[in-house]
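In: Generate a structure from the sequence data that follows.
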Amino acid sequence: ARPPSGGSLLAPPRGDAGGEEDSSEWSPLARPKGAPRTAKAYEDEFRQLPKETLEYAVYLGMDPSEDADLLWIAEEARNAEVPDGWTTMQDPKGGLYYYEQQTGHAIRQHPMDAHYAAMYLEMKLARGTDEEGKVKDKDRRARNQRLTVADLKQ
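Out: Alright, predicted model coming up:
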């Protein structure tokens, strides 16, 4: 995971002070502590995977039940390093944000999130699906319950 680099005199993204920012747009690691988990519905099916991986999968646009073969992308995104020029910062309330030093740009989404979301879409389109965009697989749920992080790294 990406640990905070400590407090900063730099301003966090606007809207943070009043808590008015839409936390559903934030990277799962930057989302406020009390924000609802968006992947809760998948936790029973994917018992062996970290909840954070499922959160990242949903955040990137995946349906973990349909995209189990692509969950490695969410795991990789969850552990991605901050690119050169970017710093992980912490706002006064303890929330994470990302600061690009050259431009002074601050965001709640990890700078690599768009890359991983695009990778997911590209891989999903390349693998082939039925007319509704779903992969046909009768034994998927049983296999998903046994899926581990080690399986995602293969």
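
In: right, and Asp69 touches Ala126 too?
Out: No: Asp69 is beyond contact range of Ala126, at 11.5 Å (criterion: Cβ atoms under 8 Å). Where you see a C-beta, it was placed from the backbone N, CA and C, and this is true even at glycine.

In: quick one: which of those two has more around it?
Out: Asp69 (16 against 7; other Cβ atoms under 10 Å).

In: looking at the chain, which helix or strand does the model trust least?
Out: Here the helix or strand of the chain ranked lowest by mean pLDDT, DSSP states H and E is helix 140-146, holding a mean of 59.

In: so how far is Asp69 from Ala57?
Out: Separation of Ala57 from Asp69 (Cβ to Cβ, to the nearest Å): 12 Å.

In: same check, this time on Tyr97
Out: As defined by Cβ to Cβ, Tyr97 lies at a distance of 32 Å from Asp69.

In: again with Met89
Out: Using Cβ to Cβ, one obtains 35 Å as the distance from Met89 to Asp69.

In: swap in Gly85?
Out: Taken as Cβ to Cβ, the spacing of Gly85 relative to Asp69 amounts to 33 Å.

In: What of Leu125?
Out: Leu125 sits 13 Å away from Asp69, going by Cβ to Cβ.

In: cool, and Gln109?
Out: Taken as Cβ to Cβ, the spacing of Gln109 relative to Asp69 amounts to 25 Å.

In: wouldn't Met112 be in contact with Glu76 here?
Out: No: using Cβ under 8 Å, Met112 is not in contact with Glu76; the gap is 9.3 Å.

In: For the protein, give me the ranges with low pLDDT.
Out: Counting by pLDDT under 70, the chain has low-confidence residues at 1-26, 30-37, 128-149, 152-154.

In: Can you show me the strands along it?
Out: If you assign secondary structure with DSSP state E, the strands in the chain sit at 86-90, 96-100, 105-107.

In: and the first one, what other elements does it pack with?
Out: Packing partners of strand 86-90 (3 or more Cβ pairs under 8 Å, 6 or more residues apart in numbering; DSSP states H and E): strand 96-100.

In: and the strand it packs on, C-alpha only, in PDB?
Out: As requested, C-alpha coordinates have been extracted for strand 96-100 and formatted as PDB (Å, rounded to 0.1, in the frame of the first residue of the first chain):
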ATOM      1  CA  LEU A  96      -4.600  11.000   1.500                       C
ATOM      2  CA  TYR A  97      -4.200  13.000  -1.600                       C
ATOM      3  CA  TYR A  98      -1.600  13.100  -4.400                       C
ATOM      4  CA  TYR A  99       0.400  16.200  -5.200                       C
ATOM      5  CA  GLU A 100       2.300  16.800  -8.500                       C
END
